[in-house]
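In: Give me a model of this one.
(4 chains)
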Number of protein chains: 2
Amino acid sequence: MRKQLAGYGKPTMAEIAAIAGVSKPTVSKVMNGQPGVASRTRERVERVIAERGYVRHGAARALSAGRTGAVNLVVKELDNPYFAEIIRGVEETLERAGLSMILTATHDEERRHRRWMARVIEYGTDGAILVLPDEQVAHLELLRSRGIPMALVDDRGEIPPDVASVGATNFAGGFAATEHLVSLGHRRIAIIGGPSFKSTRERVAGYRTALQEAGVEVDPRLHQPGGFVAETGYEATRNLLGLPEPPTAIFAGNDMQAMGVYKALYEAGMRAPEDVSVIGFDDLPISRLLTPALTTVRQPVRGMGVLATQMLLRIIAGERLETRRVEVATSLVVRESTGPPKIDDSSRNG
Amino acid sequence: MRKQLAGYGKPTMAEIAAIAGVSKPTVSKVMNGQPGVASRTRERVERVIAERGYVRHGAARALSAGRTGAVNLVVKELDNPYFAEIIRGVEETLERAGLSMILTATHDEERRHRRWMARVIEYGTDGAILVLPDEQVAHLELLRSRGIPMALVDDRGEIPPDVASVGATNFAGGFAATEHLVSLGHRRIAIIGGPSFKSTRERVAGYRTALQEAGVEVDPRLHQPGGFVAETGYEATRNLLGLPEPPTAIFAGNDMQAMGVYKALYEAGMRAPEDVSVIGFDDLPISRLLTPALTTVRQPVRGMGVLATQMLLRIIAGERLETRRVEVATSLVVRESTGPPKIDDSSRNG
DNA sequence: TTGAGTTACGAAACCGGTTTACGGAGATAC
DNA sequence: GTATCTCCGTAAACCGGTTTCGTAACTCAA
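Out: Numbering: from 1, shown residues only, chains lettered A, B, ... in the order given. The predicted structure follows:
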């Protein structure tokens, strides 16, 4: 079924041209601010456009001009404030450039990821930004073969050479967090996370290095695996508390995980930082709302979104990037959840 | 600049037709599963399509067919898990119907909201779902005049007659929460929220009714205003604790606000539920992660998204809805943050 | 007045599909 | 063998813009 002509509610460019007494190309030039139109004519056309409330037909424009005026952003999930922050960074940068953002979440499902790519390919896009810490990056090749400009945020690392990517200095963050705990006097420091993400592997490396530099033995039992959700923080903490020699400090993989750590401590009748120090990663808005407020490694997440978008815009504009990989600095934010360990920790007569 | 023909990476329907030895319309029929193609021919065309990896040009299709295959969803913000849940409901329902979802957040900014509408009008859409608890609904008229099918979630109430909307039974939720606190023995029960949202006004009405039915006097000082974010919960609680006769229970406007309440209590050296009972609204995933786990009024948020989408799909299909307004039931979820008040509350010798 | 150089504008082609309307082949009926 | 009815398949028009390219008109110099 074809749309009715709707001569009333939806004028076409041809109609505007007829009313203004000019041709379609002239209206097109006015709409796009192109030269080659006398100022008198331009004004007249603009008046008619305003009077009739003319809105360009986007699909027709996309078809003939090959531009969509929008960038597609795909993230793993929305529930997570981490992604929400990245999205805001992308959003505000695109807005400044006059582009719209089309947002999709994959929830880490292969099927949704494929649907997203199919749609991007079918309907076209001016560029794509992918925030997929996991494995899905494999399909990336398909987008590249279509010549779609791309930028990645917080990726796993194996990136094709002509794709821009933004990450954080995870090693330094892991190092700083661990060093902070060591300087407070902790010796048995646990870490949760990995090993599937590149970012986590780097943090763990920072943790190990900090311990070694401080002359503290690295105990593999204190390294608990876990994803980026609260549940794994909870379970990892229960495991850790069950060890014959439990840790006096826990370095969670991210702030959400730290919430799970809090939960497990609470259930065990323990408090942070009196019984166990807790440190997170990300510095999401909620981390300061927790009780006690969470000490964490701040990652300028929104800034990462901004940077990725700026790089994408430059690729779209056809500029050459001098660097395809950028890492933003992390920094330690000390709040209430870390403190010195209980005295005489080794004999545990607390 | 026109796209190059890209004879290699991007076949057109005409090319597929030529290879398969048929005409464009035949390929079109095969792509759309329309009748009028012999099965031998259909198979042959399908094989060529698969071999060449042909993908229909979405903009061209949208232009000629007037369908986009996508529904536009606009929410206030993404940071809030409340919206994330609605989005998931919409997402899975659309997916089942074979439609894509295009998501945008307005952050309650007039300008962003207008941009969203402009884009929807310019690029077209098969339908729109709006999750805007605030004032922005005013512009809705513009979409309606373009004949775009629409559904609202959790609106403020003044809805045009031919627009579908989904809400929750806020009055009943407010009533149930208050009744729960009263039955535990509380008499000085504070409530935070409103007055700008219809949903909050209804909850407050439920709260008042429950108090009156229990013969408890309604003290206006115990009603603190506040938006749906943690900060207002924090501030309201500080105000409440400063009252000459502070409350023994606090009914927060939502779960995020309850986090702020926890924070203020913690700072004041008080604990829930021993010193003050706390109850939230929404039952977001984080509410069970808080310490203590939050008693709250469960709102089937995801279900609201599902329902709104189902109504929209029916409008798109041209069906008549028997009811344009649906309200889903709320229910009380009792966890750890509520308990009996300290004994001898009136003289407060606790 | 004429020729060269600009500038303003429009006719027509084009983007890649969908839809309409029609013609030809084959099946069935008589 | 011919008339009628289906079923397949295609030519051509169409959706609503953008872009190319040609030309008329206008300016300026000689």
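In: Contacts only, for residue A:212.
Out: residue A:218 (Cβ atoms under 8 Å, 6 or more residues apart in numbering or on different chains). To be clear about C-beta, it is placed using only N, CA and C from the backbone, and glycine gets the same treatment.
In: Confirm that it sits in a strand.
Out: No: read with DSSP: H, G, I helix; E, B strand; the rest coil, residue A:212 is helix and lies in no strand.
In: How much space separates residue A:108 from chain B?
Out: According to Cβ to the nearest Cβ, to the nearest Å, residue A:108 stands 13 Å off from chain B.
In: C-terminal to the host helix or strand of residue A:64, which secondary structure element comes first?
Out: Taking DSSP states H and E as the criterion, residue A:64 maps to helix A:58-65. Downstream of helix A:58-65, the first helix or strand assigned by DSSP H and E is strand A:70-75.
In: who are the neighbours of the next helix or strand along the chain from that next one, in terms of helices and strands?
Out: With elements assigned by DSSP H and E, the helix or strand that comes after strand A:70-75 is helix A:81-96. Secondary structure elements in contact with helix A:81-96, counted by 3 or more Cβ pairs under 8 Å, 6 or more residues apart in numbering or on different chains; DSSP states H and E, are strand A:70-75, strand A:100-105, strand A:127-131, helix A:255-267, helix A:301-316.
In: Can I get the longest one in CSV? Just the C-alpha atoms.
Out: Translated: helix A:301-316. What follows is helix A:301-316, C-alpha atoms only, in CSV (Å, rounded to 0.1, in the frame of the first residue of the first chain):
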residue,chain,number,x,y,z
VAL,A,301,34.2,6.8,30.8
ARG,A,302,32.3,9.7,29.3
GLY,A,303,35.5,11.1,28.0
MET,A,304,36.2,7.8,26.3
GLY,A,305,32.9,8.2,24.4
VAL,A,306,33.8,11.7,23.5
LEU,A,307,37.2,10.7,22.2
ALA,A,308,35.9,7.8,20.2
THR,A,309,33.3,10.0,18.6
GLN,A,310,35.8,12.7,17.7
MET,A,311,38.0,10.1,16.0
LEU,A,312,35.0,8.8,14.1
LEU,A,313,34.1,12.2,12.9
ARG,A,314,37.5,12.7,11.6
ILE,A,315,37.4,9.4,9.8
ILE,A,316,34.1,10.4,8.3
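In: average model confidence for the next helix or strand after it?
Out: Toward the C-terminal end, the helix or strand that comes next after helix A:301-316 (DSSP H and E) is strand A:325-328. Across strand A:325-328, pLDDT averages out at 91.
In: As JSON lines, the helices and strands packed on helix A:81-96 with distance to DNA strand C and mean neighbour count would be great.
Out: Compiled in JSON lines, the helices and strands packed on helix A:81-96 are given as follows (distance: least, Cβ to the nearest atom of the strand, whole Å; neighbours: other Cβ atoms under 10 Å in any protein chain shown):
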{"stretch": "strand A:70-75", "distance to DNA strand C": "18", "mean neighbour count": "24"}
{"stretch": "strand A:100-105", "distance to DNA strand C": "20", "mean neighbour count": "23"}
{"stretch": "strand A:127-131", "distance to DNA strand C": "19", "mean neighbour count": "25"}
{"stretch": "helix A:255-267", "distance to DNA strand C": "43", "mean neighbour count": "25"}
{"stretch": "helix A:301-316", "distance to DNA strand C": "19", "mean neighbour count": "23"}
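In: can you give me the strands for the stretch 101-250 of chain A?
Out: A:127-131, A:150-153, A:164-168, A:189-192, A:223-224, A:249-251 (DSSP state E, counting those that start in this stretch).
In: Strand partners (parallel or antiparallel) of the third one?
Out: Strand A:164-168 has the following sheet partners, assigned by DSSP bridges: strand A:150-153 (parallel), strand A:325-328 (parallel).
In: Likewise for the last one?
Out: With DSSP bridges as the criterion, the sheet partners recorded for strand A:249-251 are strand A:189-192 (parallel), strand A:277-282 (parallel).
In: out of these, which comes closest to residue A:68?
Out: Of all these, strand A:277-282 sits nearest to residue A:68, with 32.4 Å by Cβ to Cβ.
In: hmm, the worst-scoring helix or strand of chain A on mean pLDDT touching chain B?
Out: Of all helical and strand segments in chain A, the minimum by mean pLDDT, DSSP states H and E falls on helix A:140-145, at a mean of 82. Yes: Helix A:140-145 reaches chain B (Cβ under 8 Å from any Cβ of the partner chain) through residue A:145.
In: returning to what we had before: just name the most buried of the strands paired with strand A:164-168.
Out: strand A:150-153 (a mean of 27; mean count of other Cβ atoms under 10 Å in any protein chain shown).
In: sorry, back to before: please list the outside residues in contact with the helix holding residue A:64.
Out: Helix A:58-65 is contacted from outside by A:67-69, A:123-124, B:57, B:59-60, B:62-63, B:68, B:119, B:122-124, using Cβ under 8 Å, 6+ apart.
In: closest to residue B:153 among the residues you listed?
Out: So of the contacts of helix A:58-65, ranked by how close each gets to residue B:153 (Cβ to Cβ), first place is residue B:119, at 20.0 Å.
In: Let me know the distance separating that closest one from chain A.
Out: On the measure of Cβ to the nearest Cβ, residue B:119 and chain A end up 5 Å apart.
In: Dig out what the closest residue to that residue other than its chain neighbours forms beta bridges with.
Out: What sits nearest to residue B:119 in space, not counting adjacent residues and going by Cβ to Cβ, 6 or more residues apart in numbering or on different chains, is residue A:100, at 5.2 Å. Residue A:100 has the following beta-bridge partners by DSSP bridges: residue A:70.
In: show me what contacts residue A:100?
Out: Residues in contact with residue A:100 (Cβ under 8 Å, 6+ apart) are A:69-71, A:94, B:104, B:115, B:119.
In: just checking, residue A:89 touches residue A:299?
Out: No: counting by Cβ atoms under 8 Å, residue A:89 does not reach residue A:299; the two are 11.9 Å apart.
In: neighbour count winner among those two?
Out: Higher neighbour count among residue A:89 and residue A:299: residue A:299, with 27 against 22, using other Cβ atoms under 10 Å in any protein chain shown.
In: what number of residues lie near residue A:318?
Out: 8.
In: any idea how far it lies from DNA strand C?
Out: Per Cβ to the nearest atom of the strand, to the nearest Å, residue A:318 is found 20 Å from DNA strand C.
In: I'd like to know how far that residue sits from DNA strand D.
Out: Distance of residue A:318 to DNA strand D, computed by Cβ to the nearest atom of the strand: 15 Å.
In: Now do the contacts for that residue.
Out: Residues counted as contacts of residue A:318 (Cβ under 8 Å, 6+ apart): none.
In: Tell me the pLDDT of it.
Out: 84.
In: What of residue A:298?
Out: At residue A:298, pLDDT is 96.
In: what about it, neighbour count?
Out: 19.
In: surely it meets residue A:329?
Out: No: applying Cβ under 8 Å, one finds residue A:298 not in contact with residue A:329, separated by 9.3 Å.
In: In terms of model confidence, name the weakest of the contacts of helix A:58-65.
Out: For these, the pLDDT minimum is residue A:67, 86.
In: ok, now which ones touch it?
Out: Residue A:67 touches A:61, A:126, counting by Cβ under 8 Å, 6+ apart.
In: With the one 5 residues further on instead?
Out: Contacts here follow Cβ under 8 Å, 6+ apart; on that basis residue A:72 touches A:101-102, A:104, A:116, A:120, A:125, A:127-129.
In: of all the residues in the stretch 1-150 of chain A, which ones are close to DNA strand D?
Out: A:2-3, A:5, A:10, A:12-14, A:24-25, A:27-29, A:31-32, A:56-57, A:60-61, A:63-65 (Cβ under 7 Å from any atom of the strand).
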